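**Student:** let's see this in three dimensions:
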Amino acid sequence: MRIVLTARDSAHKHRRTRYAFGCIAACLTALSGATIAQASYPAKPIRIIVPYPPGSGTDFTGREVGAIFSKALRQPVVIDNRGGAAAIIGHTLGAKAAPDGYTLLLGTTGGLVSGPALMGSRIPYDPLKDFEPIGLVTYVPYAIAVTGSLPASNVKDLIDLARASPRKLNVASPGVGTPNHLGAAQLMTLTGIELVHVPYKGSSLAMTDLLAGNVQMIVTGLLQLLPHHQTGRLRILGVGHQARLKAYPDIPTVAETVPGYYNTGWWGIVAPRNTPKAIIDKLSAIMMKELVTPDVSQRFEKNGLEVATTTPRGYHDLIVSDLTMWKKLIKDAKISVDVLP
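**Tutor:** Here you go, the predicted model:
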């Protein structure tokens, strides 16, 4: 059987062929454009969202990383402080930014772990699905501190006082479900002591009341406590890190008295989901090389922080591990989102 193509059929076939080649050419052009864009990255200033106000430890960390990127990439890096809602506002902006490498986020324990662990789907982003981890920057050891007038020189003294007078000691925090609150809850869970949690709307208010003697203890970042510890107004009893800090070897870990206690926050750099892998790898390599230089490490240590570097995968695994841990603690301690102030 012989098939004869008419002129109309031939023209139709020709149009389909041209259309197919046009689609292929468009795809190749798009791919070529994306490749060129990645190769020339960055071609304009980069923004790093810091989910806390200026002057904080997060601000210091964001600016240090910004300076590293700016020097290595020869482009300005702008720090965009977006505080509020226990870091949720800043993380939401980061999650919804264009995935082109020009908007990065300083990811925090509060925004990527404790907040999502407590609030679940009420958070407008998924910490594991909406971000591309680039790398860890620093550990943020939380510490347990008491007022200078409280007769407790160490963690054991504090536990003994709490056992002798259940629910007589008040522990301040900047809010329900914050790493600070969870650190106090973990101490109670591991030791069986009963403390009264007093949540405030922010760290500064909690510290003000602690210094005034209206509450007796707090779990918060070491950096915030050091000036008052040095004047004797507060007494740091222990840090929640796994080992004593290089910069402050005289401060014991809480785990030396309470095995299993771990309350170390961290800050790292993440990008919006679908940011090209080539850009993620480029930024990761810069961080891993520059953060461990003596000058940078010493600046972090002077600010009560300890540099930590990871691959993108290593940072992802840390987020997963801490999410699992905090979800279990929240369940065991019966902490409910319904009691948020």
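
**Student:** where does pLDDT dip in the stretch 201-341 of the chain?
**Tutor:** Applying pLDDT under 70 to the stretch 201-341 of the chain flags the ranges 337-341.

**Student:** all strands for it, in order.
**Tutor:** 217-221, 234-239, 264-272, 306-307 (DSSP state E, counting those that start in this stretch).

**Student:** any low-confidence regions in the stretch 51-200 of the chain?
**Tutor:** Looking at the stretch 51-200 of the chain by pLDDT under 70, you get an empty list.

**Student:** now do the contacts for residue 275.
**Tutor:** Contacts were defined as CB atoms under 8 Å, 6 or more residues apart in numbering; by that measure residue 275 touches 99, 100, 101, 132. Glycine gets a C-beta too; all of them are placed from N, C-alpha and C.

**Student:** mark which of those residues are buried, thanks.
**Tutor:** Neighbour-count burial within those applies to 100, 101, 132; the criterion is 16 or more other CB atoms under 10 Å.

**Student:** switch the strands of the stretch 201-341 of the chain over to a markdown table; also include distance to residue 256 and mean neighbour count.
**Tutor:** Formatted as a markdown table, the strands of the stretch 201-341 of the chain follow (distance: least, CB to CB, whole Å; neighbours: other CB atoms under 10 Å):
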| stretch | distance to residue 256 | mean neighbour count |
| --- | --- | --- |
| strand 217-221 | 16 | 25 |
| strand 234-239 | 7 | 23 |
| strand 264-272 | 15 | 25 |
| strand 306-307 | 18 | 20 |
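
**Student:** do you know which of those strands lies nearest residue 40?
**Tutor:** strand 264-272 (17.5 Å; CB to CB).

**Student:** how big is the angle separating that closest one from strand 234-239?
**Tutor:** Computed by axes from the mean of the first three to the mean of the last three CA atoms, to 10 degrees, the angle separating strand 264-272 from strand 234-239 equals 70 degrees.

**Student:** ok, strand 264-272: who's next to it in the sheet?
**Tutor:** strand 103-108 (antiparallel), strand 131-147 (antiparallel) (DSSP bridges).

**Student:** so which of the contacts of residue 275 belong to strands?
**Tutor:** residue 132 (DSSP state E).

**Student:** quick check: the farthest pair among the contacts of residue 275?
**Tutor:** Greatest spacing in these, by CB to CB: 100 and 132 (11.8 Å).

**Student:** now render the buried ones among the contacts of residue 275 as a markdown table, adding distance to residue 276.
**Tutor:** Below are the buried ones among the contacts of residue 275 laid out as a markdown table (distance: CB to CB, whole Å):
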| residue | distance to residue 276 |
| --- | --- |
| 100 | 8 |
| 101 | 7 |
| 132 | 9 |
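
**Student:** and the helices in the stretch 1-150 of the chain?
**Tutor:** In the stretch 1-150 of the chain, the helices defined using DSSP state H, counting those that start in this stretch lie at 7-39, 57-73, 88-96, 109, 115-119.

**Student:** quickly list the domain ranges of the protein.
**Tutor:** Using automatic domain parsing, the domain ranges for the chain come out as 46-139+264-332, 141-263.

**Student:** in TSV, list the ones you listed along with distance to residue 40.
**Tutor:** Below are the domains of the chain laid out as TSV (distance: least, CB to CB, whole Å):
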stretch	distance to residue 40
domain 46-139+264-332	11
domain 141-263	38
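
**Student:** residue 255 contacts residue 244, correct?
**Tutor:** No: the criterion here is CB atoms under 8 Å, and residue 255 misses it with residue 244 at 10.1 Å.
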